[in-house]
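Visitor: Quick one: sequence and predicted model below, then my questions.
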Amino acid sequence: MRQWRPSMFQQRFFNLTRRNSEVLAEVYNPEKQVTAFEEVVRLLRCAKTAALAGGDHLYLSGAHYVVSAHSEGPRMKVFRLISLPENLQWTRRPVTELDPVTGLYRVPNTPPETRGIWVRELTKGFAKENPGLDFEKRVRRFVLGDTVEAGDLLDGTILKRIWVEQGVVLAET
């Protein structure tokens, strides 16, 4: 590993998760091999005092990224840099509220929150719905930097499973 010097962090990323703070960092490719299915793993190094954590959404020169925790040294933090090339429509599932008159839960008349969200689609494939049946359904898996919930709509498809790995949110339809 190269020796740390303050001048090595030359790229200025905007951290959109932390109220548009700026992070000075360096991007490098530890692996020079390219596979047919994945993009080359790129790492981001920054000072240990930088306002950056796993799952943060970064912006640099028109490109969006999410960072995943990788390692930490005595003077710097290292993150995996995952590009987010697609901007899809995300609709928050409507929250039910208790009707004071009837005592039943109902969906309020307010329209659901809809906005664009930056994602990376990992897989496109098919999976068996039930092991005993012979039909398959389409499964899509996404990497995102925002917090979504099961039941939300992403690109018109209901998200059924949400989990976090190394600070990054993964969602599956």
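Guide: Arrived safely. Model, not experiment: these values are computed from the prediction.

Visitor: Now do the domain split for the protein, please.
Guide: Following automatic domain parsing, one finds the domains of the chain at 8-83, 86-172.

Visitor: what's the most buried one of the ones you listed?
Guide: The highest average neighbour count among the domains of the chain, using mean count of other CB atoms under 10 Å, belongs to domain 8-83 at a mean of 15. (C-beta placed from N, C-alpha, C; glycine too.)

Visitor: residue ranges with poor pLDDT in the protein?
Guide: Low-confidence segments of the chain, defined by pLDDT under 70: 1-9, 20, 30-41, 123-137.

Visitor: Please, where are all the helices along it?
Guide: Taking DSSP state H as the criterion, the chain carries no helices.

Visitor: Most distant residue from the centre of it?
Guide: Here the centre of the chain is the reference, and by CA atoms, centre = their mean the most remote residue is Val101, at 41.0 Å.

Visitor: which other residues reach stretch 61-75?
Guide: Stretch 61-75 is contacted by residues 1, 4, 13, 43-44, 47-48, 52-59, 77-85, 118, 120, 143-145, 165-168 when judged by CB atoms under 8 Å, 6 or more residues apart in numbering.

Visitor: ok, now with 7 Å
Guide: 4, 43-44, 47-48, 52, 54-58, 78-84, 118, 143-145, 166-168 (CB atoms under 7 Å, 6 or more residues apart in numbering).

Visitor: any idea how far it is from the chain center?
Guide: 12 Å (CA atoms, centre = their mean, to the nearest Å).

Visitor: And the residue nearest the centre of this structure?
Guide: Mean-position check on the chain, CA atoms, centre = their mean. Result Leu144 at 1.9 Å.

Visitor: beta partners of it?
Guide: Beta-bridge pairing for Leu144 (DSSP bridges): Val119, Val169.

Visitor: Just confirm it contacts Gly167, I think it does.
Guide: No - contact criterion CB atoms under 7 Å: Leu144 and Gly167 do not qualify, at 11.8 Å.

Visitor: need the contact list for Gly54.
Guide: Val67, Ser68, Ala69, Phe79, Gln166, Gly167, Val168.

Visitor: The same query, at a cut-off of 6 Å, please.
Guide: Residues near Gly54 by CB atoms under 6 Å, 6 or more residues apart in numbering: Ser68, Ala69, Gln166, Gly167.

Visitor: Switch those over to CSV, and while doing so, append distance to Glu113 to every line.
Guide: Listed next are these as CSV, based on distance: CB to CB, whole Å:
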residue, distance to Glu113
Ser68, 26
Ala69, 29
Gln166, 27
Gly167, 24
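
Visitor: nearest to Leu159, of those residues?
Guide: Comparing the contacts of Gly54 against Leu159 with CB to CB places Gly167 closest, at 18.7 Å.

Visitor: No further questions, thank you.
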